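Asker: Structural data only, the sequence is not supplied:
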């Protein structure tokens, strides 16, 4: 344990930024893994994710999800296509007077 303390002390002396981060002891989990969602229609869908710190915003994390396999991508695509097919699509834009408040 003394080796770790010595290393931390050395890094704190060399870098004020490291010293501040070490004092804050922010152990947020950033990294990569796979999550599995259980969808009632599509079944289990695997999503690989990567989480990234946002510079200047220690309160934010940006997370990117991608289908884990081609089969997962196909299940997601099928769900999106089914959703799009069941949603009404506007055929005309609303008239200007329909957009005004109070009408």
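Answerer: That came through, no problem. Note that the structure is a prediction, hence the values are computed from the model and not measured.
Asker: Can you give me the neighbour number for residue 72?
Answerer: Number of residues near residue 72 (other CB atoms under 10 Å) recorded here: 21. In short, each C-beta sits where N, CA and C put it, glycine included.
Asker: Now for it: which residues touch it?
Answerer: 45, 46, 47 (CB atoms under 8 Å, 6 or more residues apart in numbering).
Asker: I'd like the distance between it and residue 66.
Answerer: Going from residue 72 to residue 66 by CB to CB, to the nearest Å gives 9 Å.
Asker: overlap in contacts of the two?
Answerer: What both residue 72 and residue 66 touch, as defined by CB under 8 Å, 6+ apart, is the set residue 47.
Asker: Return the subset of the contacts of residue 72 lying in helices.
Answerer: The helices in this structure, assigned by DSSP state H, contain none of the contacts of residue 72.
Asker: Domain parsing of the chain, as residue ranges.
Answerer: Following automatic domain parsing, the chain resolves into domains at 1-27, 31-85.
Asker: Residue 58 falls within a helix, correct?
Answerer: No - applying DSSP: H, G, I helix; E, B strand; the rest coil, one finds residue 58 to be strand, outside a helix.
Asker: ok, it - how many residues close by?
Answerer: Residue 58: 12 neighbours (other CB under 10 Å).
Asker: can you start the count at 50 instead of 1 from here on
Answerer: Let's use 50 as the start, then, which means that last one is residue 107.
Asker: For residue 66, see how far away it is.
Answerer: 12 Å.
Asker: mind listing what's buried in stretch 60-77?
Answerer: residue 61 (16 or more other CB atoms under 10 Å).
Asker: Hmm, residue 83 is touching residue 93, no?
Answerer: No - contact between residue 83 and residue 93 fails when scored by CB atoms under 8 Å: they sit 11.3 Å apart.
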